[in-house]
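Colleague: Need the 3D shape of this:
(2 chains)
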Amino acid sequence: MLKIYNTLTGKKEIFKPIVEGKVGMYVCGNTVYDFCHIGHARAMISFDVISRFIRHLGYDLTYIRNITDVDDKIIKRAEENNESTQALTERMIAAQREDELALGNKMPDREPKATEFMQEIIDMVSILVEKGFAYQGASGDVYYRAAKFKDYGKLNNRKLEDMLAGARIEVEAAKEHPADFVLWKRAKEGEVAWDSPWGKGRPGWHIECSAMSTSCLGSHFDIHGGGPDLKFPHHENEIAQSEAATGKDYVNYWMHCGAVRVNNEKMSKSLGNFFTVRDVLAKFNPEVIRYLMVSSQYRSPIDYSDQSLQEAKVALERLYTALRQQSVADSYEPTEFTERFENAMKDDFNTAVAVSVLFELVRELNKAKTESPAMAPKLAAELRVLADLLGLLGQEPEYFLQNSTISEGLSETAIQTLIDERAQARKDKNFARSDEIRDELARQGIELLDSREGTTWTRH
RNA sequence: GGCCGGAUGGCAGAGUGGUCAUGCAGCGGACUGCAACUCCGUGAACGCCGGUUCGAUUCCGACUCCGGCCUCCA
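Modeller: The predicted structure follows:
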């Protein structure tokens, strides 16, 4: 039985889909005006792992993740770059896909773009206007009337009155109430725009998700996820729009991953303290990032630093070392490790515990190599299957261990030449020369491992 | 000010009302020409003050500190 922490209730709840055996999940994706940073990577990886496990449990999952390709920041950035918004968003979408494939994610079933759902968005705004939940202000923008929706604030435990006190931003004169937000924004001269009953313009940020999720999954679906900074106002506003428009419950389980921090501060665009996925991929194998994300529970904050990446890398090396030169059986009987792994994952996707099970399995595998060789391939197979649920250990061990740091260094042939020379020296009992070679390679980050079968190496 | 979430061994990070997390680092041992890998063993923790309890790191309350949201941000 799967338990999920629901932001809406603040509790772990037993998961029960609306339609037995089927799950609809909508995750808020990125606004594509810049490269993905590590915070985006976390959200994408978290929900990838969640989707894998939901499927593993046998549910027929439909996983939707949108792309926001109309927005003020996109317009601004495109202007700065002197390119069209479309050229900018297309470039960034391609870059995102590249990053994500490198990180080992499986793609969502569908990635709807806001620009492809204009009619649905306009229709929903029209309904809200008709029902009195929206109005066109003096500025020409259409606003949502927050005070009219009695449950406004239910996701964040907030009351409209309380929010006034803390309002830090100057209220636009055209709004009836400070908490009102834009559904349709009037275009300025030269901006990308679509025709609407309220004049040429573009959708507000929140309405696109209400329209796309409803359009892809229906007006009431199981899971809605996103990053921690989307809880308010984005998801609160989505609830208000959707439930006012349809008169029905919108989403049963709201899920939010934790923040990635740098120096104990949230990594964010506005603080400018972000590292792009590309920055990190220049220094580490992408799986190292994935391991870092998955080694904590998805809701906990993660501290990002070179040191945390380095530690993740060392941990992964241990896992891969166990699979090195190890045959993997085609089939196996699941052991207690599978059960423990699955139980951890069923408890709100506790990947930290699931990963610890992987390490215990590895110890068992390492022991089996000498103590019960017939078991080893089966344990190796089990390890690979479980790790794959987290999107880990999909690479060839040799590849991971010998290329894990992408940097200039000794070529493989140069390394092999030295290893051959050392083998001769050892045969001649010239251990001084042998150690000299090993030390020299160690200085270059190459660690040698002697065994009966010969010498292998790992690049650190 | 309002609303959330934290505080665990040297570091990272789970979890539990009374026996094990796990990884890295440390220490002892096995293996090795010496190492490394691996294995075995081992020390080490639950912010502070009260309360409940036979017993609390785990439950309850106060306090201190930290983070997030309240404005665009995964």
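Colleague: Next, count neighbours for the residue nearest to A:Val192 when sequence neighbours are not counted.
Modeller: Spatial nearest neighbour of A:Val192, excluding adjacent residues (Cβ to Cβ, 6 or more residues apart in numbering): A:Thr85 at 5.4 Å. Using the backbone N, CA and C atoms, a C-beta is placed for each residue, glycine as well. By other Cβ atoms under 10 Å, 22 other residues sit near A:Thr85.
Colleague: Could you check the pLDDT of A:Thr85?
Modeller: pLDDT, the model's per-residue confidence, is 96 for A:Thr85.
Colleague: can you check the one 4 residues further on too?
Modeller: Among the per-residue scores, A:Thr89 holds a pLDDT of 98.
Colleague: Quickly note the distance from it to A:Glu453.
Modeller: 53 Å (Cβ to Cβ, to the nearest Å).
Colleague: For these two, indicate the residue with more neighbours.
Modeller: A:Thr89 (24 against 7).
Colleague: residue contacts, A:Ser296?
Modeller: A:Gly258, A:Ile302, A:Thr351, A:Ala352 (Cβ atoms under 8 Å, 6 or more residues apart in numbering).
Colleague: Angles on the backbone of it, please.
Modeller: The phi/psi pair for A:Ser296 (degrees, to the nearest 10) reads phi -120, psi 160.
Colleague: With the one 3 residues further on instead?
Modeller: Backbone dihedrals for A:Arg299, given as degrees, to the nearest 10, come out at phi -90, psi -20.
Colleague: what's the answer for A:Asp450, then?
Modeller: phi -90, psi 140.
Colleague: State the number of residues packed around it.
Modeller: A:Asp450: 14 neighbours (other Cβ under 10 Å).
Colleague: distance of it from RNA strand B?
Modeller: 3 Å (Cβ to the nearest atom of the strand, to the nearest Å).
Colleague: can you pull the pLDDT of the residue nearest to A:Leu281 when sequence neighbours are not counted?
Modeller: Spatial nearest neighbour of A:Leu281, chain neighbours left out: A:Ala102 (6.2 Å); criterion: Cβ to Cβ, 6+ apart. A:Ala102 is assigned 97 on the pLDDT scale.
Colleague: got a list of what A:Ala102 touches?
Modeller: A:Val277, A:Leu281, A:Pro286.
Colleague: at 10 Å instead, please
Modeller: Residues in contact with A:Ala102, defined by Cβ atoms under 10 Å, 6 or more residues apart in numbering, are A:Ala41, A:Val277, A:Arg278, A:Leu281, A:Asn285, A:Pro286, A:Glu287, A:Ile289, A:Arg290.
Colleague: Cross the contacts of A:Ser296 against strands and list the overlap.
Modeller: If you go by DSSP state E, the contacts of A:Ser296 have A:Ile302 in strands.
Colleague: Nearest to RNA strand B, out of the contacts of A:Ser296: which one, please.
Modeller: A:Ala352 (3.7 Å; Cβ to the nearest atom of the strand).
Colleague: Can you tell me the number of residues neighbouring the closest one?
Modeller: Neighbours around A:Ala352, by other Cβ under 10 Å: 14.
Colleague: pretty sure it is touching A:Gln297, no?
Modeller: Yes. Using Cβ atoms under 10 Å, A:Ala352 makes contact with A:Gln297 at a distance of 5.1 Å.
Colleague: So for these two, which residues contact both of them?
Modeller: Common neighbours of A:Ala352 and A:Gln297 (Cβ under 10 Å, 6+ apart) are A:Ala344.
Colleague: Skipping adjacent residues, who's closest to A:Leu217 in space?
Modeller: A:Gly24 (4.0 Å).
Colleague: To clarify, my last question referred to A:Phe47.
Modeller: Nearest one to A:Phe47, counting by Cβ to Cβ, 6+ apart, is A:Val27 at 4.7 Å.
Colleague: now the one you found: how far from A:Lys378?
Modeller: 36 Å.
Colleague: The two: which is more packed in?
Modeller: Per other Cβ under 10 Å, whichever of A:Val27 and A:Lys378 has more neighbours is A:Val27, with 26 against 20.
Colleague: nearest to RNA strand B, of the contacts of A:Ala102?
Modeller: Of these, the one sitting nearest to RNA strand B (Cβ to the nearest atom of the strand) turns out to be A:Ala41, at 8.2 Å.
Colleague: and the closest one, what does it touch?
Modeller: So A:Ala41 contacts A:99-100, A:102-103, A:105, A:260, A:275-277, A:280, A:286, A:289-290, A:292-293, A:304 (Cβ under 10 Å, 6+ apart).
Colleague: circling back to that earlier point, please give me every residue in contact with the residue nearest to A:Phe47.
Modeller: Contacts of A:Val27 (Cβ under 10 Å, 6+ apart): A:43-44, A:46-48, A:50-51, A:63-66, A:108, A:209, A:213, A:223-227, A:230, A:255, A:257.
Colleague: What's the separation between it and A:Asp306?
Modeller: A:Val27 is 29 Å from A:Asp306, by Cβ to Cβ.
Colleague: re the thing from before, if I pick the residue nearest to A:Leu217, what's in contact with it?
Modeller: Here A:Gly24 is in contact with A:17-18, A:60-64, A:213, A:216-218, A:220-224, A:251-252 (criterion: Cβ under 10 Å, 6+ apart).
Colleague: doesn't it fall inside a strand?
Modeller: Yes. The assignment for A:Gly24 (DSSP: H, G, I helix; E, B strand; the rest coil) places it in a strand.
Colleague: roughly how far apart are it and A:Ile54?
Modeller: Counting by Cβ to Cβ, the gap from A:Gly24 to A:Ile54 is 11 Å.
Colleague: The residue in chain A that RNA strand B sits nearest to: how many residues sit nearby?
Modeller: Nearest residue of chain A to RNA strand B (Cβ to the nearest atom of the strand) works out as A:Gly227 at 1.7 Å. A:Gly227 has 24 neighbouring residues, counting by other Cβ under 10 Å.
Colleague: Quick check: phi and psi on it?
Modeller: Taking degrees, to the nearest 10 as the convention, A:Gly227 sits at phi -80, psi 170.
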